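> got a predicted structure plus its sequence, pasted below:
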Amino acid sequence: MTLLWLRVAVLLYGIAALAVLPAALYNRPRWRHIAMPAALCAVFFHFVALAEMLNAAHHALPVDTHETLSMLGLLLGAAFLVLAVRYRTVSFGIFLLPVAALLTVVPAFRPGAELLNYPLLHTGWLFLHVALLLAAYAALLISLIASVLYLVQERRLKQKRTSQARSWLPPLETTDQIALKALLFGLPCMTAGLLIGSVVALETIGPRFFADPKVLLSLAMWVVYIAMIFIRRHSGLRGRRAIYLSGFVFLIVLAVWAANQLSVVHRFRAP
Amino acid sequence: MSDQTKLGTLLLVGVNHTTAPLDIRERLAIPAARLADATRSLARQPGIREALILSTCNRVELLTVTESVDSSDGAEAATALSFLEDFLNIPTAAVTPLLYTLRERDAIRHLFRVASSLDSMVVGEPQILGQVKESWNIAREVGAISSTGAFSSMLDPLLQRAFSVAKRVRTETQIGSSSVSIASVAAELARKIFGSLANKTILLVGAGKMSDLAAKHLIQQGATTLLVSNRTEARAEKIADALRTTAITTGVIPFTQLHEQTHRADIIITSTGAAALGPAGQIFSPDNARALVHRRKNRPVFFIDIAVPRDVNPAVNKLEGCFVYDIDDLQQVAQENRSLRGREAQTAESIVQLEAERYGERLSHAPTAEAIKQLQSSAEAVREAELARTAQRLANLNAPLTPEQQSAIEQLTRSLTNKLLHPQIMTLRGADPKRRGEDQ
């Protein structure tokens, strides 16, 4: 049943991702009326599927790659809905909905079969650790997309190409607010996520936890993340330079993610 | 009674900006305060069942449902003309050559075009739909349009259809999505930079009709603070006073301190045309703009340069955070938008044509549908009365029916009624000339 809901969610994400194209690119409100309910239902079914999946696996948090990707997809889908309601723009769906669909399609059609017997998996703290970090990653991705949209709109306005074909781009100030607010939302998530993870690891693994490459990279990511917010807030960094900065932090995030291959702690092998 | 007489004939008589000059339209225009009286008076004219008057600055149209069978004899148009003569005291000779008279499907199509803003002077302008709705409300309030039953009124469903057609046109085309005047283009561009203009500050440098108009448009979009700078401070104060309202804060910046205070503004409209502050004879050089953006902590600033010669150096547009549009740029955008509206209008015309044909078709079947409806409801009344009488008789005999028996008898009588009515309904449908035509 879990897989059925997840497949329904993938299908709905796909419909929403297709419908959002004419809705945003050609300003067709009818397609918006398809994209929004489809995305809403996709997020709902995705949530149900994920909750059932975690419950059925007797652990309360996403641990294997598939579950983690699926949860990130759910967060991105939910973020699209929040942005659409708060800023009245579906433009972000052009990027977020296909990514959400792609992140969900593998768990839906090739579910993982990793057997995990790690006692910590049953603790709520670890769930918070994973969920908060995934929320921070999602926020960073949204901030990066917003910065790219800002740059495209800025160039378009400077080149005086104001034809209706590209009127789907949100106003500059809106994209800038989204980029900054996403970062500001991501910071406490990342901080709390890392703190919780560190405390739990210290209690169970001991100080050698801090020698783990993923942990070191995560700390570096946190420092760069704070630096990025500081620079953006205090110098009002926008446009090309803001994209470079967000892109740099995003690369670090990808490196942190990839460091799972080198990490003992984050592969959940019994210590 | 013929079908035609039963529902009446739809007739539209009027003038618009393409058929009548402004002085005639002015004389024919009915003020909003008198529109209810005029509509009531038109509806009381002999031979008129329903009436609606649409009076705007670009058109005066009388939409009526008349009792006349022959819709081509011109008698109804004469009634409309005599109404205009009586109510507005205008000699018919002056108006007759400028009037257009449309009947039935042509009238339907015209109404749909008007409501969809395809017949407007500025195609796609949104006000006309509100004006048609207002006329409809007034006509309903004074009883000139009946609002009961689907076919007892011809105008009520027609107007409601016109509104949904107009909505469809707005939804499926981009006919009203772009601005076509310089001032509104400037406001639209400002929205693309700042989103909402609420709490934004406008700086007006110099004075001119166009810059005033642009400022007013921006204020309408939500800008709340207006600063004015002019070589003559008294003139700046006069402009600030003229544009000040309870919702708008205004202020004057001395021309000599312009560069020190420009950072307060998000949108700068310049129209001095004879600059002197900058080294190249322009008010805003790239250096000025760089300092301005720095003081604004990289927040964007929008220059609307209406002056000729230009007040803002074009190189300012290359700086990050600065957007410069001169008069030619604004005109080009307006021209592109006009072309877009033209293309969208073609799509909108096909929608209107299709909807008008559909509605006309539906209307032509309306008398048959009404007759069938009446036949069915009278048969249903007889059935219910007979059922009630039988139930009463059985109750008097102390043999009331069980719920199952009641249900069986209910089903039996319903089935009998339907079967007995079927040949008559088929005959009525067969007698409908429109349907016969379809069958052939």
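Noted; the coordinates are in hand.
> list the contacts of B:T101.
By C-beta atoms under 8 Å, 6 or more residues apart in numbering or on different chains, the residues touching B:T101 are B:L11, B:L12, B:V13, B:G74, B:A77. The way it works is simple: take the backbone N, C-alpha and C, and place the C-beta from them, glycine included.
> list buried residues within the residues you listed.
Buried by 16 or more other C-beta atoms under 10 Å in any protein chain shown: B:L11, B:L12, B:V13, B:A77, out of the contacts of B:T101.
> and the second one, what helix or strand is that in?
Just to be clear, that refers to B:L12. strand B:9-16 (DSSP states H and E).
> and the next helix or strand past that strand?
Going down the chain from strand B:9-16, the next helix or strand is helix B:22-28, by DSSP H and E.
> export that next one as PDB, just CAs?
Provided in PDB are the C-alpha atoms of helix B:22-28 (Å, rounded to 0.1, in the frame of the first residue of the first chain):
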ATOM      1  CA  LEU B  22     -17.800  62.600 -29.300                       C
ATOM      2  CA  ASP B  23     -20.300  65.500 -29.400                       C
ATOM      3  CA  ILE B  24     -23.200  63.100 -30.300                       C
ATOM      4  CA  ARG B  25     -22.000  60.500 -27.700                       C
ATOM      5  CA  GLU B  26     -21.900  63.300 -25.100                       C
ATOM      6  CA  ARG B  27     -25.500  64.200 -25.900                       C
ATOM      7  CA  LEU B  28     -26.700  60.600 -25.800                       C
END
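> tell me which strands and helices that helix is in contact with?
strand B:9-16, strand B:59-66, helix B:75-88, helix B:92-95 (3 or more C-beta pairs under 8 Å, 6 or more residues apart in numbering or on different chains; DSSP states H and E).
> A:L72: which of those is closest?
Closest to A:L72 of these is strand B:59-66 (C-beta to C-beta; 57.9 Å).
> what pairs with the closest one, parallel or antiparallel?
Partner strands for strand B:59-66, per DSSP bridges, with pairing direction: strand B:9-16 (antiparallel), strand B:48-55 (antiparallel).
> then the last one to CSV, C-alphas only?
Only the C-alpha atoms of strand B:48-55 are listed here, as CSV (Å, rounded to 0.1, in the frame of the first residue of the first chain):
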residue,chain,number,x,y,z
ILE,B,48,-40.9,46.0,-25.0
ARG,B,49,-40.7,43.1,-22.5
GLU,B,50,-37.2,43.5,-21.1
ALA,B,51,-34.7,46.3,-21.4
LEU,B,52,-31.1,47.2,-20.4
ILE,B,53,-29.2,50.4,-21.1
LEU,B,54,-25.4,50.5,-21.3
SER,B,55,-24.1,54.0,-21.2
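> one step back: quick one: which of the buried ones among the contacts of B:T101 is nearest chain A?
Checking the buried ones among the contacts of B:T101 against chain A by C-beta to the nearest C-beta gives B:L12 as the nearest, at 30.6 Å.
> confidence score at that closest one?
Among the per-residue scores, B:L12 shows a pLDDT of 93.
> what's near enough to touch the closest residue in space to it that isn't next to it in sequence?
Nearest residue to B:L12 in three dimensions, chain neighbours excluded: B:A107, at 4.0 Å (C-beta to C-beta, 6 or more residues apart in numbering or on different chains). Counting by C-beta under 8 Å, 6+ apart, B:A107 touches B:L10, B:L11, B:L12, B:L63.
> how about a cut-off of 10 Å?
B:A107 makes contacts with B:9-13, B:61, B:63-65, B:71, B:101, B:158, B:356, B:360, as judged by C-beta atoms under 10 Å, 6 or more residues apart in numbering or on different chains.
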